[in-house]
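Asker: give me a 3D structure for the following:
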Amino acid sequence: MIIADTDVLIDALRGREPVAGRMAEALRAGSVATTVISAFELLSGARSAREQQRVAALIGPMAVLGLDEPAAGVAADLRRHLERSGSAIGMADYLIAGICLARQADLWTRNRAHFERVPNLRLVH
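Answerer: All right, here's what the predicted structure looks like:
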């Protein structure tokens with residue numbers, strides 16, 4: 001499974017290529033999901049009813065993966081590990097990484113600066 005991060009979803013919403021085309025293809029194939037954290041970030045950032053509708057249309061066909069207890073545990077372990085090593089990535093990114101790792105999913109993101117710090121997290125360009 002491939003989980004789309006917020007930045008990739010924003011690129012798709014804005015029609016930025018090649019992401020928009022790849023996203024349309026992944027949606028048709030049913031091979032992309034996102035997290036409740038990314039859904040929250042997109043929905044809370046929508047500034048108008050039209051933007052809210054566009055966000056809903058994009059994430060509607062996707063599985064929106066929640067933060068369950070196993071993912072929360074992985075995210076907590078990850079946070080302790082990265083903060084001890086001076087490589088903090090931020091609360092939302094710990095949660096997204098925890099969801100990906102707990103589900104053994106790949107993360108489709110442009111935020112390599114943060115997510116490359118996460119051990120065993122597979123990234124998609």
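Asker: which helix is the longest one in this protein?
Answerer: Looking across the chain with DSSP state H, the single longest helix is helix 69-84.
Asker: pLDDT at the residue nearest the centre of the chain, what is it?
Answerer: In the chain, the C-alpha nearest the mean C-alpha coordinate belongs to D5, at 2.5 Å (C-alpha atoms, centre = their mean). Confidence at D5, expressed as pLDDT, is 98.
Asker: spatially nearest residue to it, not counting backbone neighbours?
Answerer: T109 (3.6 Å; C-beta to C-beta, 6 or more residues apart in numbering). From N, CA and C alone the C-beta is placed, and that goes for glycine too.
Asker: tell me the contacts of the one you found?
Answerer: Contact analysis of T109 by C-beta atoms under 8 Å, 6 or more residues apart in numbering lists A4, D5, D7, V8, F115, L123, V124.
Asker: cool, A33 as well?
Answerer: If you count contacts by C-beta under 8 Å, 6+ apart, then A33 has M1, I2, I3, A4, M62, A63, V64, L65, A105 around it.
Asker: and if you look at N111?
Answerer: D5, D7, D93 are the contacts of N111 under C-beta under 8 Å, 6+ apart.
Asker: switch to 6 Å and redo it
Answerer: D7 (C-beta atoms under 6 Å, 6 or more residues apart in numbering).
Asker: distance check, it against L121.
Answerer: Computed as C-beta to C-beta, to the nearest Å, the N111 to L121 distance reads 11 Å.
Asker: next: D68.
Answerer: From D68 to L121 the distance is 18 Å (C-beta to C-beta).
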